[in-house]
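**Student:** Below is the sequence, then the predicted model.
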Amino acid sequence: GDLMTSNNEVPTDSSLSLHQELPSPQTSPQFPISRMSDGFDLKICCMGAGYVGGPTMAVIAANCPKVRVCVVDLSQKQIDAWNSPNLPIYEPGLPAVVDQCRNKNLFFSTDIDSEIKKADIIFISVNTPTKTMGIGAGRAANVKNCELCARKIAEVSESGKIVVEKSTVPVRTAQAVRRVLDCNEKGLKFQVLSNPEFLAEGTAIPDLMKPDRVLIGGVQSPEGLAAAETLVSVYANWVPREQIITTNLWSSELSKLVANAFLAQRVSSINSISALCEATGADVSEITRAVGMDDRIGKRFLNSSIGFGGSCFQKDILNLVYLCETYGLNECAKYWNQVIVMNDYQKKRFSEKMVSHMFNTVTGKKIAVLGYAFKKDTGDVRETPSMFVVRDLVLEQAKIHVYDPQVSREDMFSEMDYTVQMSESTHPGLEAAVTTSPDAYAACDGAHAFAVLTEWDEFKDLDFERIYKSMAKPAFVFDGRNILDHEKLRGMGFEVHAIGKPDPNKFSDL
């Protein structure tokens, strides 16, 4: 398997404004490392050129002109893309940051060995997917990639280094990394730090430029504290010192899982209420507003939808569940597992609602799916709720036409194959059943229904009169993100169904 594939990170609220201007770096702090002859104070190597490694290293380079940063990966294709005008990931504001630093103090390379040798600090930023087989399958994370990185570092290093765990990892992974590094036969001393990433895809650049907090965990020994201080001094170039928290290793690793679990729990909490709203005639948006005005609860991250996706929420909660089970804390495990159960229920409920409203059959009917990414402003499709709805509709033998402004057909199908084990070989006719459309109008032309499954801003501004004219009647709308003006659409003649919104055909007393 790949030693390094892209890392995954957590979606958070996308209501941040995008700050394009880069903070001016303060004077570079003195590192406890001898001056390099080439004018750099410090050299950083990041193993893994994905959604976390790329943007994080670009922002470090932009804020620390005296630090040389190199991102390495086994994939030549991935590195070539980082060195080209067409970066391998879509992230607003990222190209400008990369352009500013690339080939000055920011480099992308497949020469892993020589970059490890040069580095003072090495970040491990590789994929840690949920295990598909073996002990803890379906829950435990596979830390194979992390361990392989540690073995590589131990094998090629010629001097001691600070090794920083950036991937989302289960608690106590740092211990395994440390033991592998300590077994090197050259008597080298390594320090292991945990520095979990809290960026959200779609807002990664502002999240990295102005983070809520930077968390650095290390062993509480003189050497461990000194290593943590070295990393603190890098971030201190642009992050206020009081927002940089240092903890012990285990607190740092666990904080990351807990932050994602709490965010996902809010989504599942409001989604459970959306089902009750549809049954009783209440409106989930009104409830969100009423509840969110209590500042102990807060209004962010309370939007009801078809469910959360992304590579981290589910993975991190399953990790937390497995951790609790491992230590015999079964009530805690069940409690957190319910967040996932509710999310699965919400996705399934949406597909079933579509079929039941369309006269209990969608066989042979064209259905437009608007949006495939797990949220707007990213091309990432990992664990996207849209895929589960598409899967259900394929099994119901609908003809599905998908339009997403950032997702390629190839990415769509590889994620379906990986996550829901659906491909042309397992489900003959899949390629024919799912069409990728060049725009929303082509997707909707002649369709019996369209479903909004990603909250892309452009979907709010479509010419719905034009769409209505082109569709089969009755024309159904299923708004899985509650972003459309439902009354206006009903006025045009659409039959509209949304999440947590009462159906006017069902209630006479709204």
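**Tutor:** Nice, thanks for sending it over. Numbering: from 1, shown residues only.
**Student:** only C-alpha atoms for contact and neighbour calcs from this point on.
**Tutor:** Fine.
**Student:** Sketch out the strands for the stretch 351-500 of the chain, chain order is fine.
**Tutor:** Secondary structure of the stretch 351-500 of the chain (DSSP state E, counting those that start in this stretch): strands at 366-370, 399-403, 434-436, 449-452, 476-479, 495-498.
**Student:** looking at those strands, which is closest to F123?
**Tutor:** Proximity to F123, assessed across those by CA to CA, is greatest for strand 399-403 (36.4 Å).
**Student:** what pLDDT, on average, does the closest one get?
**Tutor:** What strand 399-403 shows for mean pLDDT is 98.
**Student:** for stretch 243-255, same thing?
**Tutor:** Averaging the model's pLDDT scores along stretch 243-255 yields 93.
**Student:** Contacts made by it with the rest, please.
**Tutor:** The contact list for stretch 243-255, computed with CA atoms under 8 Å, 6 or more residues apart in numbering, reads 169-172, 174, 193-196, 212-220, 228, 232, 235-236.
**Student:** that older thread, any chance of the strands of the stretch 351-500 of the chain in CSV, plus mean neighbour count and distance to I112?
**Tutor:** Below are these laid out as CSV (neighbours: other CA atoms under 10 Å; distance: least, CA to CA, whole Å):
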stretch, mean neighbour count, distance to I112
strand 366-370, 26, 40
strand 399-403, 25, 38
strand 434-436, 19, 38
strand 449-452, 26, 43
strand 476-479, 24, 47
strand 495-498, 23, 50
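**Student:** could those go into TSV alongside distance to T288?
**Tutor:** Converted to TSV, those look like this (distance: least, CA to CA, whole Å):
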stretch	distance to T288
strand 366-370	25
strand 399-403	29
strand 434-436	35
strand 449-452	20
strand 476-479	17
strand 495-498	15
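**Student:** Go through those strands and name the closest to D295.
**Tutor:** Closest approach to D295 among the strands of the stretch 351-500 of the chain is made by strand 495-498 (27.2 Å; CA to CA).
**Student:** that older thread, could you say which one of the strands of the stretch 351-500 of the chain comes nearest to K131?
**Tutor:** Of all the strands of the stretch 351-500 of the chain, it is strand 434-436 that lies closest to K131, at 28.4 Å by CA to CA.
**Student:** So which other helices or strands are in contact with the closest one?
**Tutor:** strand 399-403 (3 or more CA pairs under 8 Å, 6 or more residues apart in numbering; DSSP states H and E).
**Student:** Direction included, what does the strand it packs on pair up with?
**Tutor:** Here strand 399-403 has these sheet partners by DSSP bridges: strand 366-370 (parallel), strand 434-436 (parallel).
**Student:** List the buried residues for the lengthiest helix in the chain?
**Tutor:** Identified as the longest helix of the chain according to DSSP state H is helix 249-280. For helix 249-280, a neighbour-count test (16 or more other CA atoms under 10 Å) marks 249-254, 256-257, 259-261, 263-268, 270-278 as buried.
**Student:** distance between the helix or strand just after it and the chain's centre?
**Tutor:** Next helix or strand after helix 249-280 toward the C-terminus (DSSP states H and E): helix 284-292. On the basis of CA atoms, centre = their mean, to the nearest Å, helix 284-292 is displaced by 26 Å from the centre of the chain it belongs to.
**Student:** what is the mean pLDDT for helix 284-292?
**Tutor:** Averaging pLDDT along helix 284-292 yields 97.
**Student:** what's the angle between it and helix 249-280?
**Tutor:** Going by axes from the mean of the first three to the mean of the last three CA atoms, to 10 degrees, helix 284-292 is angled at 130 degrees with respect to helix 249-280.
**Student:** So which elements touch helix 284-292?
**Tutor:** helix 249-280.
**Student:** Please name the bridge partners of the spatially closest residue to H497 that is not a sequence neighbour.
**Tutor:** In space, and not counting its chain neighbours, H497 is closest to F478: 4.9 Å by CA to CA, 6 or more residues apart in numbering. Listed by DSSP bridges, the beta-bridge partners for F478 are A451, H497.
**Student:** how about F478, what does it touch?
**Tutor:** 354, 449-452, 496-498.
**Student:** Going by distance to S304, which of those residues wins?
**Tutor:** Among the contacts of F478, and counting by CA to CA, the member closest to S304 is A498, at 10.0 Å.
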